[in-house]
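K.L.:
Here is a sequence with its predicted model. Questions after.
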Amino acid sequence: MKIVIIGAGEIGYELASILSQEQHDVTVMDEEKDPLNVVEENLDVLTMEGNATSVRDLVNAGVERADIVISVTSIDEINMIASMISKRLGAEMVIARVRNDELSREDAPLSSKDLGIDVLIHPEQSAAQEIVQLLKRSAASDVVNLADGKMQLIGIRLDRDSPILGISLAEYATEHYDITFRIVAIARKGRTIIPKGATKLQAFDQVFFITKMEQVPALIKTTGRSEKRIHSIMIAGGTPIGAMVARKLSQESNDWSIKLIEPDYEKASELAAELENVLVLNGNGTDPDLLATEGIRDTDAFISVTDDEESNIISCLMAKHMEVRKTIALVSKGDYIPLSQTIGLDAAINKKHAASNEIHRYVRRGKVIAVSALQGIQAEVLELEVGADSKVSNKPIHKIDLPDSCVVGGILSGGNVEIATGDSVIEPNDRIIIFCLPQAVEQVTSLFQ
Amino acid sequence: MTIVSLLNKETVNPKLKASDKDDLLDQLINLLSKKVDDEELQRIRDAVLQRESIMSTGVGKGLAIPHGKARGLAHSYAAFALLDEPVEYNAIDNQPVKMVFLLVGPESENSLHIKMLSRISRLMNNEDFRKQLQECESAEQIMNTFKVEEERYFGVQEG
């Protein structure tokens, strides 16, 4: 596919890096030379200096013939104008990063489609959403909703005293025959293992399960982790992500007690006026004295989303030492480092990552419905529709010649979801959920389509 | 890059005597004096003290992780010390500090710096490991303890 990326900032760079590795024909355009030089030195893509609102420059970048144009400069208005021009020039699909959520609200007088923008992406919102999900599943390090929320993929780290250590996956499944689940990957000492029935579980393994939504709590229980409900939450940083997390939480019916700490007086006052059920404190979220006075010891979850990554890590470690059950740090990184394991915290959220996940869905559109790259490990989760004349249909899974590095996790047939076993039969037009290592993605996609 | 690869006999002190927080940071940074030139050492000092003024890195349970990014460094450096006598550090739990890990890195390598800081946090979050370190009596022992724990946790291969 021919893809033009406008804006060579953090997110533009990350996207260019991933998409070029997948052999797409990528051009990156930016007004400034410096960020383009960084792109050129490190990535195998074309670069072009140009103004995103200049029709001539956009033509020169090739948007007329582009399959996808992605505008991710730091300014909403520029992204909107560049997208509108690109669409008029003939770009097939146009994706824009727009921070302001006015266009995506339900009561918006004009929708993004009216402006010729096919997809709006909102990295901060995605990151905030991920944080809220992690708070609701306090035992998990990763949570991904699948099959329209009927199934869930959860990552759980096994403690040293977990009751399932040393047993094989086959034994584990037999013992808990009343729960249907599938272990689709294990991250062990920095490596990703696609497990077999004989694979044995070890302490500190990070295990990725797929199960039906309603069985998640029972499944978590079998790992020896207890899913205690989170009540009090402290958020350090009234950044866009911090404010969104507070907003989302305060709109839900749970009786969460939420404190938000923001150092800027005006910003804190604004947030206090807007967020009724949130206690907004004007102070420094990295100040140990303040955290102690505000009762960090009695907090169930501590979320550090300031712009200072070092502080996010250090203050989450402090919170951990204060026996806060769940700590989440915002850390943005350029590469696929297994975050949740390196970080020593329960979970780390990466907004660049969230953005590239969103865009991936559209790049692999066609029959692929969703793709999530997981932070803890190298594997990707694909949700895809089985083609009408796919060679794999009407056969039990164990008879399909799948690459070793992939596992079928679930099947959606009609409205029903099923956790896949070797005997499950895939039918044309079913949606399946597959877990695989990046190198197998293309092979798997073509096999099922 | 591993944490243990950043440590050596010169940058590990199993019995540091410090009178207060300032003295402690000063001595810890001086452990790097054979690795970098005087100018770099000064920039490291400024960076670490500046971070410390933004937030105390006394993360609780007797541990502090002073850190910073300085201009023009060739790569990351680390130092570790066990304190002869605990030192008041304005830590979050008001407990004096018994062990300190110093991490400094080049300003241009933010991603690596964050990764190493995360890795240290991960290791130091384990109570058993902190106890083992506390019982070490020599630099060799300390480095070996780090090596074993790091391999146990992250595997050996990691680059």
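P.N.:
That came through, no problem. Computed from a predicted structure; not experimentally measured.
K.L.:
Can you list the strands that the helix or strand encompassing A:V381 pairs with?
P.N.:
Using DSSP states H and E, A:V381 sits within strand A:380-385. Strand A:380-385 pairs in its sheet with strand A:368-373 (antiparallel), strand A:431-436 (antiparallel), by DSSP bridges.
K.L.:
Would you single out the least confident of these?
P.N.:
Here the lowest mean pLDDT among the strands paired with strand A:380-385 goes to strand A:368-373, at a mean of 50.
K.L.:
Could you say which helix or strand holds the residue sitting nearest the centre point of chain B?
P.N.:
Nearest to the geometric centre of chain B sits B:F101, at 1.8 Å (Cα atoms, centre = their mean). Using DSSP H and E, B:F101 sits in strand B:97-106.
K.L.:
mean confidence for the next helix or strand after that strand?
P.N.:
Later in the chain than strand B:97-106, the nearest helix or strand by DSSP H and E is helix B:110-124. Averaging pLDDT along helix B:110-124 gives 81.
K.L.:
Helix B:110-124 near chain A at all?
P.N.:
Yes. Judged by Cβ under 8 Å from any Cβ of the partner chain, helix B:110-124 comes into contact with chain A at B:110-111, B:113-115, B:117-124. For every residue, glycine as well, the C-beta is placed using N, CA and C.
K.L.:
what ranges do the strands span in chain B?
P.N.:
B:12-16, B:58-60, B:63-64, B:67-70, B:77-87, B:97-106 (DSSP state E).
K.L.:
Sheet partners, orientation included, of the fourth one?
P.N.:
Strands that pair with strand B:67-70, judged by DSSP bridges, come out as strand B:97-106 (parallel).
K.L.:
in the strand it pairs with, what's buried?
P.N.:
B:97-106 (16 or more other Cβ atoms under 10 Å in any protein chain shown).
K.L.:
from the residues of helix B:110-124 next to chain A, which single one is nearest A:G190?
P.N.:
B:R119 (10.9 Å; Cβ to Cβ).
K.L.:
The residue in the stretch 51-200 of chain A positioned nearest to chain B - how many residues pack around it?
P.N.:
Using Cβ to the nearest Cβ, A:K189 is the residue of the stretch 51-200 of chain A that sits closest to chain B, at 3.0 Å. Burial of A:K189 is recorded as 17 neighbouring residues (other Cβ atoms under 10 Å in any protein chain shown).
K.L.:
was I right about it contacting B:F154?
P.N.:
Yes. Contact criterion Cβ atoms under 8 Å: A:K189 and B:F154 qualify, at 6.1 Å.
K.L.:
What residues does the closest residue in space to A:L146 that isn't next to it in sequence make contact with?
P.N.:
Sequence neighbours aside, A:I433 is the residue nearest to A:L146 in space, at 5.3 Å (criterion: Cβ to Cβ, 6 or more residues apart in numbering or on different chains). By Cβ atoms under 8 Å, 6 or more residues apart in numbering or on different chains, the residues touching A:I433 are A:146-147, A:151, A:210, A:381-383, A:408-412, A:420.
K.L.:
at 7 Å instead, please
P.N.:
A:146-147, A:151, A:210, A:381, A:383, A:409-410 (Cβ atoms under 7 Å, 6 or more residues apart in numbering or on different chains).
K.L.:
beta partners of it?
P.N.:
A:E383, A:G410.
K.L.:
Look up how far A:E22 lies from it.
P.N.:
From A:I433 over to A:E22 the distance is 20 Å, taken as Cβ to Cβ, to the nearest Å.
K.L.:
And whichever strand or helix holds A:V207, how far out from the chain middle?
P.N.:
In this assignment (DSSP H and E), A:V207 forms part of strand A:206-212. Relative to its parent chain, strand A:206-212 has a centroid offset of 16 Å by Cα atoms, centre = their mean, to the nearest Å.
K.L.:
Can you list the neighbours in contact with that strand?
P.N.:
Contacts of strand A:206-212 (Cβ under 7 Å, 6+ apart): A:141, A:150-158, A:179-187, A:201, A:219, A:341, A:376, A:409-410, A:417, A:419, A:433.
K.L.:
Take these and keep only those in strands.
P.N.:
A:151-157, A:181-187, A:409-410, A:417, A:419, A:433.
K.L.:
residues in chain B within reach of chain A, list them.
P.N.:
Proximity of chain B to chain A is confined to B:54-61, B:65, B:67, B:90-93, B:111, B:114-115, B:117-119, B:121-123, B:125, B:154-155, B:157-158 under the rule Cβ under 7 Å from any Cβ of the partner chain.
K.L.:
and the angle for the worst-scoring helix or strand of chain B on mean pLDDT with strand B:77-87?
P.N.:
The least trusted helix or strand in chain B, going by mean pLDDT, DSSP states H and E, turns out to be helix B:110-124, with a mean of 81. Per axes from the mean of the first three to the mean of the last three Cα atoms, to 10 degrees, the angle that helix B:110-124 makes with strand B:77-87 is 40 degrees.
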